[in-house]
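>>> I would like the atomic coordinates for the input below:
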Amino acid sequence: MKFYLVLPTFLLLAVQAFSQRMGSVPSKAQLAWHETEYYLFMHFGPNTFTGKEWGEGKEAADIFNPSELDCRQWCRIAKQAGAKGIIITAKHHDGFCLWPSNYSTHTVKQSKWKDGKGDVLRELSTACRESGLKFGVYISPWDRNHPDYGTDKYNDVFVNMMKEILLSYGPVWELWWDGANGEGPNGKKQVYDWRRFENTVRQYSPQTVIFSDIGPDIRWVGNEKGIAGDPNWNFLDTAGYKRGEGAPATDTLNHGNYAGRQWIPAECDVSIRPGWFYHKNENEKVKSPQELFQLYLKSVGRGANLLLNVPPDERGLIHANDSVALVGFKKLRDNSFENNLLKDGTTYYEFSQQDLKSSQLTLRSLDDEETYYAANLQNFVARLSQPQLVNCIVLREAIHKGQSVRSFRIMLYNGKTQVGMVKGTSIGRKRILTFPAKKITSFRVYLDDAKGQDNISGVAAYLVDEQLLEK
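Just a heads-up that it's a prediction; the model follows:
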């Protein structure tokens, strides 16, 4: 026997209207992805040993021979850095596979590393599982080595490679598709069957989130500098676009679409070094903890996720200089955001007279993301326990309900005197706003355009080291 819930017509219309106002919302997998916030990229392969960024596919497999490969070291450092996962370049454009694929003759099996019995994906997936880190895989559809590239057969090859990874090394949390499409060894370019590729992932690993220029789950941010746009909308329209050369303009990818139909949030990829693969001559060019902190503010602080590339060296280890920078970065984040100045303060909403007449209104904690009002709430006040210097305010939206705030102001007060104002547009999962330090007793947030809904779920205030903030 089946039971159906029948909604009254007026309630059904209200729900539909609410949905139209709120726009697209994230899936459960996307919500979990948002909360990972920051994780590591690992570019590793023949390029590590040749000094190239894009291999030609002609490199002998024997060139891949890390003498001290230790994926547990990668995971230890990732944990120390506060990263939530690792994405590995399982196959870059040169076609070399870091696992012994049955669909290529250019893999670790053909190398001298561990006498052809090694498997980087096996070691890393195991280490991630042991460390409680998420395991992700980058697999380039471009293959400059495979003889079938440029023919219909290659789409079968690529699908089978993905099935090997998803079924043998899972769970795979994120699958990363590069849109590059150059010539193969036969001088031909491949016509990628993206729909089939996507259906394969959905069939064999439905929990995996897929990254590419246009998603379907995560979009490229439009640059390799690690910087999200301001504003940054989690919405994108993909109709008429393709991955790679047919992708939306980089400015669109950077900001998203204000009124886009699909929830496709931005991921900010950037390398800790000038290059993506390890190069010895870049050992002294590793980004400082302060530089990484700035990137954090411009990625996570604008509602995106940060994917920080940390390439292992020829030994198969993360270099000490990279490790020091990562741990320093973690220390700066901890020191900056460990003391929420509102923890002993009070926060409350201001209601309109019409709202106050509603018997359904009840005050709630801003930390409760599951509580939501259908009333038209317009602003709220946060009061500190005593006058304090503040130069950073963090706002969060309950994004499981969508991204509704389109414009806001924060008025800073010392007593009854206004001492400053901060303006913003998008909020999303997390918005970190910084400004010159002011001694304040309270601040008031005005949601000037929230599509008729107040979706704020969290608020915090901090005093961050002024030297870490852009002047």
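>>> how about the helices in this structure?
9-22, 28-36, 47-50, 71-80, 120-131, 152-168, 194-204, 250-255, 289-299, 320-337, 353-356 (DSSP state H).
>>> which one of those lies closest to Asp448?
Between Asp448 and these, the tightest spacing by Cβ to Cβ is seen for helix 9-22, at 15.8 Å. Every C-beta, even on glycine, is put in place using the N, C-alpha and C of the backbone.
>>> Contact partners for the most centrally placed residue in the chain?
Of all residues in the chain, the one closest to the mean position by Cα atoms, centre = their mean is Asn305, 2.7 Å from it. Each residue near Asn305 by Cβ atoms under 8 Å, 6 or more residues apart in numbering is listed here: 33-34, 36-39, 218, 265-268, 299.
>>> swap the cut-off to 10 Å and go again
By Cβ atoms under 10 Å, 6 or more residues apart in numbering, the contact set of Asn305 is 33-39, 84, 174, 211, 218, 221, 228, 265-269, 299, 429.
>>> go on, Leu317?
By Cβ under 10 Å, 6+ apart, the contact set of Leu317 is 66-71, 73-74, 77, 278, 323.
>>> export those residues to a markdown table and tack on distance to Phe443 and pLDDT?
Converted to a markdown table, these look like this (distance: Cβ to Cβ, whole Å; pLDDT from 0 to 100):
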| residue | distance to Phe443 | pLDDT |
| --- | --- | --- |
| Pro66 | 52 | 98 |
| Ser67 | 56 | 96 |
| Glu68 | 52 | 98 |
| Leu69 | 51 | 98 |
| Asp70 | 48 | 98 |
| Cys71 | 46 | 98 |
| Gln73 | 44 | 98 |
| Trp74 | 42 | 98 |
| Ile77 | 38 | 98 |
| Tyr278 | 46 | 98 |
| Ser323 | 39 | 98 |
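>>> which among those residues end up buried?
Among the contacts of Leu317, those buried by neighbour count (16 or more other Cβ atoms under 10 Å) are 66, 69-71, 73-74, 77, 278, 323.
>>> okay, how far is it across stretch 176-194, tip to tip?
Stretch 176-194 stretches 13 Å from its first residue to its last (Cα to Cα, to the nearest Å).
>>> Sorry, wrong one. I was asking about stretch 133-152.
End to end - Cα to Cα - stretch 133-152 spans 37 Å.
>>> Only the buried residues of it, if you could.
Buried residues in stretch 133-152, counted by 16+ other Cβ under 10 Å: 133-146, 148-151.
>>> Identify the residues contacting Arg444.
Contacts of Arg444 (Cβ under 10 Å, 6+ apart): 350, 379-383, 409-413, 418, 421.
>>> Using a markdown table, lay out those together with neighbour count, pLDDT and distance to Phe293.
Converted to a markdown table, these look like this (neighbours: other Cβ atoms under 10 Å; pLDDT from 0 to 100; distance: Cβ to Cβ, whole Å):
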| residue | neighbour count | pLDDT | distance to Phe293 |
| --- | --- | --- | --- |
| Glu350 | 14 | 64 | 34 |
| Asn379 | 20 | 79 | 31 |
| Phe380 | 19 | 87 | 29 |
| Val381 | 15 | 91 | 30 |
| Ala382 | 21 | 93 | 24 |
| Arg383 | 16 | 94 | 29 |
| Arg409 | 14 | 93 | 26 |
| Ile410 | 21 | 96 | 22 |
| Met411 | 17 | 96 | 27 |
| Leu412 | 21 | 97 | 23 |
| Tyr413 | 17 | 97 | 28 |
| Gln418 | 13 | 97 | 30 |
| Met421 | 13 | 97 | 25 |
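>>> Mind putting these into TSV with distance to Ile318?
Listed next are these as TSV, based on distance: Cβ to Cβ, whole Å:
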residue	distance to Ile318
Glu350	50
Asn379	47
Phe380	44
Val381	46
Ala382	41
Arg383	45
Arg409	43
Ile410	40
Met411	45
Leu412	42
Tyr413	47
Gln418	49
Met421	44
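>>> ok, and the closest non-adjacent residue to Asn379?
Tyr446 (4.5 Å; Cβ to Cβ, 6 or more residues apart in numbering).
>>> Let me fix that, I meant to ask about Asp62.
That would be Lys112: by Cβ to Cβ, 6+ apart, it lies 4.8 Å from Asp62.
>>> Would you check that that neighbour makes contact with Phe49?
No: using Cβ atoms under 10 Å, Lys112 is not in contact with Phe49; the gap is 11.8 Å.
>>> Mind listing what's buried along stretch 224-239?
Buried residues in stretch 224-239 (16+ other Cβ under 10 Å): 226-229, 231-238.
>>> could you give me the average pLDDT of it?
Per-residue pLDDT values across stretch 224-239 average out to 97.
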